[in-house]
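**Student:** Everything below, folded, please.
(4 chains)
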Number of protein chains: 4
Amino acid sequence: MVGGGQGAFIGGVHRIAAAIDQKIDLVCGAFSSTPEKSKASGKELLIPDDRCYGTFEEMIQTEASLPTDQRMDFVSIVTPNHMHFAPAKLALETGFHVLSDKPATFDLQQSKDLKGIIEASGKLYGLTHNYTGYPMVKQARDFVKDGEFGEIRKIVVEYPQGWLATKLEAEGAKQAEWRTDPKRSGAAGCMGDIGTHAENLAEYITGLQIKELLADLTAFVPGRQLDDDGNVLLRFENGAKGVLHASQISVGAENNLNIRVYGEKGGLEWHQVEPNTLLVHRLGKPTEVWRTGNDYVGENAAHASRTPFGHPEGYLEAFANIYKNFADHILAVEAGETPDAKVTDYPKIDDGIRGMAFINAVVTSSANGAAWTPIEA
Amino acid sequence: MVGGGQGAFIGGVHRIAAAIDQKIDLVCGAFSSTPEKSKASGKELLIPDDRCYGTFEEMIQTEASLPTDQRMDFVSIVTPNHMHFAPAKLALETGFHVLSDKPATFDLQQSKDLKGIIEASGKLYGLTHNYTGYPMVKQARDFVKDGEFGEIRKIVVEYPQGWLATKLEAEGAKQAEWRTDPKRSGAAGCMGDIGTHAENLAEYITGLQIKELLADLTAFVPGRQLDDDGNVLLRFENGAKGVLHASQISVGAENNLNIRVYGEKGGLEWHQVEPNTLLVHRLGKPTEVWRTGNDYVGENAAHASRTPFGHPEGYLEAFANIYKNFADHILAVEAGETPDAKVTDYPKIDDGIRGMAFINAVVTSSANGAAWTPIEA
Amino acid sequence: MVGGGQGAFIGGVHRIAAAIDQKIDLVCGAFSSTPEKSKASGKELLIPDDRCYGTFEEMIQTEASLPTDQRMDFVSIVTPNHMHFAPAKLALETGFHVLSDKPATFDLQQSKDLKGIIEASGKLYGLTHNYTGYPMVKQARDFVKDGEFGEIRKIVVEYPQGWLATKLEAEGAKQAEWRTDPKRSGAAGCMGDIGTHAENLAEYITGLQIKELLADLTAFVPGRQLDDDGNVLLRFENGAKGVLHASQISVGAENNLNIRVYGEKGGLEWHQVEPNTLLVHRLGKPTEVWRTGNDYVGENAAHASRTPFGHPEGYLEAFANIYKNFADHILAVEAGETPDAKVTDYPKIDDGIRGMAFINAVVTSSANGAAWTPIEA
Amino acid sequence: MVGGGQGAFIGGVHRIAAAIDQKIDLVCGAFSSTPEKSKASGKELLIPDDRCYGTFEEMIQTEASLPTDQRMDFVSIVTPNHMHFAPAKLALETGFHVLSDKPATFDLQQSKDLKGIIEASGKLYGLTHNYTGYPMVKQARDFVKDGEFGEIRKIVVEYPQGWLATKLEAEGAKQAEWRTDPKRSGAAGCMGDIGTHAENLAEYITGLQIKELLADLTAFVPGRQLDDDGNVLLRFENGAKGVLHASQISVGAENNLNIRVYGEKGGLEWHQVEPNTLLVHRLGKPTEVWRTGNDYVGENAAHASRTPFGHPEGYLEAFANIYKNFADHILAVEAGETPDAKVTDYPKIDDGIRGMAFINAVVTSSANGAAWTPIEA
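**Tutor:** Next comes the predicted model:
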């Protein structure tokens, strides 16, 4: 693991997600850019001292020098955005698979470069766009793919949060600091952090790409350097239209990612805060309430679920689905087997490139007064 | 009453709304542009034959010739959009108060003309933007007005419907026919019919005017002449941003008008399909569930409510609040009294002009590729 | 109208319910047991002075002496419970139809006597067990009747309120005073006031009669003379089991009447506070959300609805459905026609007798330490 | 681990719950009463062959013979009910801590015996009444304990399921087979399996003990040997009254455990299917929506939570809270430290005895025609 030392948030999430299915052990790490903090963090995590490294370079190189059956199997990257590319590149080039937190890289060009590096390395690369790990999201995608709703016409996807409604970054909140800092976060704030999740969810469920968009981004909190709110209109490749809005100043909103998709014959609605429910609409029929874990769900949703209906699964389980699939993909590849399509269903570099291109497009569009802007990916 | 004959929808709603509070009796009508149908409709409504008129001109002139205590007190106009202006004008100029279905007129110029006519007449004019009649909408407005949320930053207002997802107007559905016909409906379809309700609700609750907007309107159903879906970005006079979208092709959506408003210190959420609940957010506090009819609601919400908490009030009661206030306003005026502010709280010609200007702006913006367009009203 | 003067609650509800469909005019009343208050109340309601009567006897006798086409058509009784029987008896015996608030009478014997009086009079008698007037309640009944759920096994029906959690009757609250006074309310408090609604709803929807029950009633508020909470186990005639509980001390509960019914093959759930939604369960299938006003609902639900889907109907409309049917029944009878089954679907004296027998049974059972007690009706 | 071999359900849940917080490794097991199946199951779980035991006796004795730092630290028991006591007894007497699935034992006497064994052993014993592991359940308990609602008056607790609405045990469903078999499940079916969860939740949240109860149990599915539905009235030690019902034939219900608690000044409502929400009622105030992970929750809820608000936590996380606390309790005890009260907050043998006594009481009461029966524990 690279990153995720004391005080971090997402590192702990990754560790739980990796642990849940008992397929992955955390064996080493460069948990902080400060060697002492890295050591201290590793100690807390019960990692032997000699495998707590001071830098990711040291970790990757030392591990590579261990006998095959003793070295780490893959690298998890859980650093802030500006530190995703370098460890991913080094790990891949040194022969390790990589599972990275999103966004894939700091900017679009890096992510395109990374794609070349991945292809050259022959190694696996996964990206934790975790919300697509939910069983009902997979069910939603299958509905669209199976043509249950006919041609898709309209998509509304939202990610409102309220936690940055005040200037938290001025009060020593680490999570707020780097997310509002263009040097660590990238060209966009709210749109990069959570707008990309909305974009990824919409494209994942519908199987449609956003062709062009226009965006009106705002930094509402005085003195904030990056957008904390953004409203976007979407046009999809098939002619569907859409609305995407994300916010970090919507007081009272938690992580209210949600999506509605409407086609000629039906539609659906899903909310991350109650993720085990999928509302399914059909022309002239009562709305159906699809629920995780029931016998009637499809095989993709079933594969992504661990408990029977009515025993709610949450964010960590959805996150774990990426780790589980990534681990099974590695096992299959190393066994020389062709993995099942259910196993290879996790976000990869192409999702990362789409995300970076989306960020570029919304920032460009907003700078140009909300002009229509293509997504170049 | 002008319009509202056999086969109409909104006429019946107006009649119930007028009847609920037992302050208004339906005494005469020109229920159809076809005199025979008007007579037949009137008969069903138990109106004496001699007060079922063949045309609105006949109705207004004949009633005006009756002794003061026998003639109608005001005119309700419930015709399709292209037939709002003429009867309103004649009634006002002949000395009758007018309560009109929305939109106020067929186009913006007419509504500005109507304002002049109203002012010249000295008569009262009301407009049934009925959704602002709900108690919790009034409570919402009071929260904003009282500064409970601080400066408003973001507004999301939606009005999705699904009933026009297929080409209903080709199947003899009267409600669909005139709403999709530019000659009867006006420059916009969905945006005129329900987008204006969303606009009106947002401005009513926040007390803020939309300064400019950009819109992407679509007619998804092949062969349809007017938009059946539209996505709009909003900029308000105080710097707040917003999203407004309305749709008639969102399969499974009923009349899902809803609004979320976020300010510096709090926010709110309200849904028309469950109108007796208002969610209130405050920084760092649990969300509060405000409910119609409780002792803790403010006087404006209390004034708009007829039953105790937990006995749900609906669409007809909200509609009736406009009729009740309009009737009480007439009574006050005729008694030479100054009415309470709670009584004069119903939509008037200025709301109508805003609505027409909103329609103009969205149509113009969309025609110009979603360019920013001011609302000229 | 008998009762419903100044300060009353349910009288106003009856008047609105009667007015909504414009079939019924309030023409006279004995609005209070105090003649002066009756007159004053009538004046406010715009009733001519000579038809504001000092007593119900005066009203019934004077009206009976008027020419047929000038006298009232039926009597509405909206007094406290102890004043239901006498005016109903006199009105029926004098030749007027009667629509009475529930419970039918003060005690069981009276209600059995009343049945005899009704039968002897040949007049119509209706009872405003208003919750069965909701469209989705009728849909629920049709599901059960049509065998969609197979044999019914279990019924859970609840009516929690919280408004009497403190000793409101000691603070001058008129509604609380008579409801907690055994001389005016009857043998039971909470169970008579709202427990009977739960009983009526369960029997109406399932078409099954409660055979025996056991009850544990409590007066939680110190000094209160009648139960303010009660928990009841039910056994139905077909072997189904059930739970019924009602409460007036459940802080935060409004009028949360709700019911769940489970059969061999399916089940349903309905809540009065959101009455336009009916959840329908079927073995191994996603739950369906049935909503008032959609084309897919059955004819009984459609008959009970006035607005399209998504325009919520509430308590007053459900109440009005009883008035509308009662008026149409009178019209049919007076025209010598056989009314449609949809028209005669309103509560009658047999529902009233069931309610009184239910009250007797719960009070008896509770007094006997929650012993099984048959419902004798 | 004892039990939890191939085809089992709850064993997998325990393993995930143990793994989530990375404090516990599964090191050995007797996964099945059939030695070959035990070995095969262990192999799948990546347990070394020599630590996959054929019987729990072999496991406990062999492990006890290993050096202290190589043997297992505690035993998890995840067998059907009739196999809980023996391995717990042996493990405790051999010097191992025990974490057992519920119910503690097959019958009440065994659980009382077990208490003696635990006390004699000086070892820790935990019981996975997992629903009390939810953060909002802990918040609920704190509200009551802190007197926020005043004296508690009424408790409604439900656990409806629908999965046994048909005779699943005749179709080879392993989970249904043992649960409906008195020899493996015990004296009660539904009431033992899930009724005890309801009882435990009610006593945990309110801190009140049920003094006596009456019950009406039914086996609705023809040929079923144990109850699949039960309705219970409760009387608590402080005079509060309650209703408890549980069912496995409520078609459409998933694991809908829920509770409502009402006191003099307020109340609460919680549902397991959406566990991160707690509704809080206060006299005369809007209901508050308390949500897991917010800064405003108390320290007990915060301690039981792993992700920020809006990232839903579910069943597995609640289950894991028991494992985490149990592990931390062991660590504290072995380090000679006094553990924090938050750490020792997990179900223990007294909860198990209450559960067994509850089962006894409901079965006895129902056999006696729903007579009041004390809980003897």
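
**Student:** how about the strands of chain A, start to end?
**Tutor:** A:74-77, A:97-100, A:125-127, A:152-160, A:210-218, A:229-236, A:241-247, A:258-263, A:266-271, A:277-282, A:287-291, A:373-374 (DSSP state E).

**Student:** Relative to residue B:300, which of those strands is closest?
**Tutor:** Closest of the strands of chain A to residue B:300 is strand A:152-160, at 27.7 Å (criterion: CB to CB). Glycine gets a C-beta too; all of them are placed from N, C-alpha and C.

**Student:** Give me the buried positions along stretch A:197-209.
**Tutor:** Within stretch A:197-209, the residues that count as buried by 16 or more other CB atoms under 10 Å in any protein chain shown are A:197-206, A:208.

**Student:** So is it next to chain B?
**Tutor:** No. Stretch A:197-209 lies apart from chain B when judged by CB under 8 Å from any CB of the partner chain; the minimum separation is 12.8 Å.

**Student:** and that stretch, C-alpha only, in PDB?
**Tutor:** Provided in PDB are the C-alpha atoms of stretch A:197-209 (Å, rounded to 0.1, in the frame of the first residue of the first chain):
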ATOM      1  CA  HIS A 197     -18.200   9.600  -9.600                       C
ATOM      2  CA  ALA A 198     -21.500  10.900 -11.100                       C
ATOM      3  CA  GLU A 199     -20.000  10.800 -14.600                       C
ATOM      4  CA  ASN A 200     -18.700   7.300 -14.100                       C
ATOM      5  CA  LEU A 201     -21.900   6.000 -12.700                       C
ATOM      6  CA  ALA A 202     -24.000   7.400 -15.600                       C
ATOM      7  CA  GLU A 203     -21.700   5.900 -18.200                       C
ATOM      8  CA  TYR A 204     -21.400   2.600 -16.400                       C
ATOM      9  CA  ILE A 205     -25.200   2.100 -16.000                       C
ATOM     10  CA  THR A 206     -26.200   3.300 -19.400                       C
ATOM     11  CA  GLY A 207     -23.300   2.000 -21.400                       C
ATOM     12  CA  LEU A 208     -23.400   5.400 -23.200                       C
ATOM     13  CA  GLN A 209     -20.700   7.900 -23.400                       C
END
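
**Student:** ok, and what's touching that stretch?
**Tutor:** A:102, A:129, A:131-132, A:137, A:140-141, A:144-145, A:152, A:155, A:157-159, A:210, A:234, A:236-238, A:240, A:242, A:244, A:246, A:257, A:259, A:261, A:268, A:270, A:347, A:351, A:354-355, A:358, A:375 (CB atoms under 8 Å, 6 or more residues apart in numbering or on different chains).

**Student:** got it, and stretch A:347-358?
**Tutor:** Contacts for stretch A:347-358 (CB under 8 Å, 6+ apart): A:100, A:102-105, A:107-108, A:110-112, A:114-115, A:118, A:125-129, A:132, A:191, A:195-196, A:199-200, A:203-204, A:209-210, A:213, A:322, A:375-377.

**Student:** Contacts only, for residue A:136.
**Tutor:** Taking CB under 8 Å, 6+ apart as the contact definition, residue A:136 lies against A:270, A:275-278, A:290-292, A:301.

**Student:** pLDDT value on residue A:36, please?
**Tutor:** For residue A:36, the model assigns a pLDDT of 89.

**Student:** Provide a list of residues in contact with residue A:82.
**Tutor:** Taking CB under 8 Å, 6+ apart, we find residue A:82 in contact with A:106, A:183-186.

**Student:** was I right about residue A:263 contacting residue A:151?
**Tutor:** Yes. Assessed by CB atoms under 8 Å, residue A:263 is found in contact with residue A:151 at 5.9 Å.

**Student:** Who has more neighbours out of these two?
**Tutor:** residue A:263 (25 against 12; other CB atoms under 10 Å in any protein chain shown).

**Student:** Run a quick neighbour tally on the nearest residue to residue A:52 once chain neighbours are set aside.
**Tutor:** Among residues not flanking residue A:52 along the chain, residue A:42 sits closest, at 3.1 Å (CB to CB, 6 or more residues apart in numbering or on different chains). By other CB under 10 Å, the residues close to residue A:42 number 24.

**Student:** Ok, residue A:83 next?
**Tutor:** When neighbours are counted by other CB under 10 Å, residue A:83 registers 20.

**Student:** cool, and residue A:43?
**Tutor:** Other residues within reach of residue A:43, judged by other CB under 10 Å, total 13.

**Student:** Pretty sure it sits against residue A:52.
**Tutor:** Yes. Taking CB under 8 Å as the definition, residue A:43 is a contact partner of residue A:52 at 7.0 Å.

**Student:** ok so, going back, pLDDT wise, what is the residue nearest to residue A:52 at?
**Tutor:** On pLDDT, residue A:42 comes in at 93.

**Student:** Against chain B, how distant is it?
**Tutor:** 35 Å (CB to the nearest CB, to the nearest Å).

**Student:** ok, now which ones touch that residue?
**Tutor:** A:28-29, A:31, A:49, A:51-52.

**Student:** so which pair among those is furthest apart in space?
**Tutor:** Pairwise over these, using CB to CB, the maximum falls at A:31 and A:49, 12.7 Å.

**Student:** more crowded one of these two?
**Tutor:** residue A:31 (32 against 8).

**Student:** For residue A:50, grab the count of nearby residues.
**Tutor:** Residue A:50: 9 surrounding residues under other CB under 10 Å.

**Student:** again, but for the one 4 residues further on
**Tutor:** Counted with other CB under 10 Å, the neighbours of residue A:54 add up to 17.

**Student:** Touching, it and residue A:38? I think so.
**Tutor:** Yes. At 5.8 Å, residue A:54 counts as touching residue A:38 under the criterion of CB under 8 Å.

**Student:** overlap in contacts of these two?
**Tutor:** residue A:30.

**Student:** that older thread, buried members of the contacts of stretch A:347-358 into PyMOL, please.
**Tutor:** Buried subset of the contacts of stretch A:347-358, written as a PyMOL selection, criterion 16+ other CB under 10 Å:
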select buried, chain A and resi 100+102+103+104+105+107+108+110+111+112+114+115+118+125+126+127+128+129+132+191+195+196+199+200+203+204+210+213+322+375+377
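
**Student:** wait, which of the contacts of residue A:42 is closest to residue B:316?
**Tutor:** Nearest member of the contacts of residue A:42 to residue B:316, counting by CB to CB, is residue A:31, at 62.8 Å.

**Student:** pLDDT for the contacts of residue A:42 - can I get that in JSON lines?
**Tutor:** Formatted as JSON lines, the contacts of residue A:42 follow (pLDDT from 0 to 100):
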{"residue": "A:28", "pLDDT": "95"}
{"residue": "A:29", "pLDDT": "95"}
{"residue": "A:31", "pLDDT": "95"}
{"residue": "A:49", "pLDDT": "91"}
{"residue": "A:51", "pLDDT": "95"}
{"residue": "A:52", "pLDDT": "94"}
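
**Student:** can you give me phi and psi for the most centrally placed residue in chain A?
**Tutor:** Among the residues of chain A, the one closest to the centroid is residue A:129, at 1.6 Å (CA atoms, centre = their mean). The phi/psi pair for residue A:129 (degrees, to the nearest 10) reads phi -80, psi 80.

**Student:** what about it, distance to chain B?
**Tutor:** From residue A:129 to chain B the distance is 23 Å (CB to the nearest CB).

**Student:** pretty sure that residue contacts residue A:104?
**Tutor:** No. Between residue A:129 and residue A:104 there is no contact under CB under 8 Å: 9.6 Å.

**Student:** ok, back up a step: for my notes, please list the buried residues of stretch A:197-209 in JSON lines and give distance to residue A:64 and pLDDT for each entry.
**Tutor:** Formatted as JSON lines, the buried residues of stretch A:197-209 follow (distance: CB to CB, whole Å; pLDDT from 0 to 100):
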{"residue": "A:197", "distance to residue A:64": "33", "pLDDT": "97"}
{"residue": "A:198", "distance to residue A:64": "38", "pLDDT": "98"}
{"residue": "A:199", "distance to residue A:64": "35", "pLDDT": "98"}
{"residue": "A:200", "distance to residue A:64": "32", "pLDDT": "98"}
{"residue": "A:201", "distance to residue A:64": "36", "pLDDT": "98"}
{"residue": "A:202", "distance to residue A:64": "39", "pLDDT": "98"}
{"residue": "A:203", "distance to residue A:64": "35", "pLDDT": "98"}
{"residue": "A:204", "distance to residue A:64": "34", "pLDDT": "98"}
{"residue": "A:205", "distance to residue A:64": "39", "pLDDT": "98"}
{"residue": "A:206", "distance to residue A:64": "41", "pLDDT": "98"}
{"residue": "A:208", "distance to residue A:64": "41", "pLDDT": "98"}
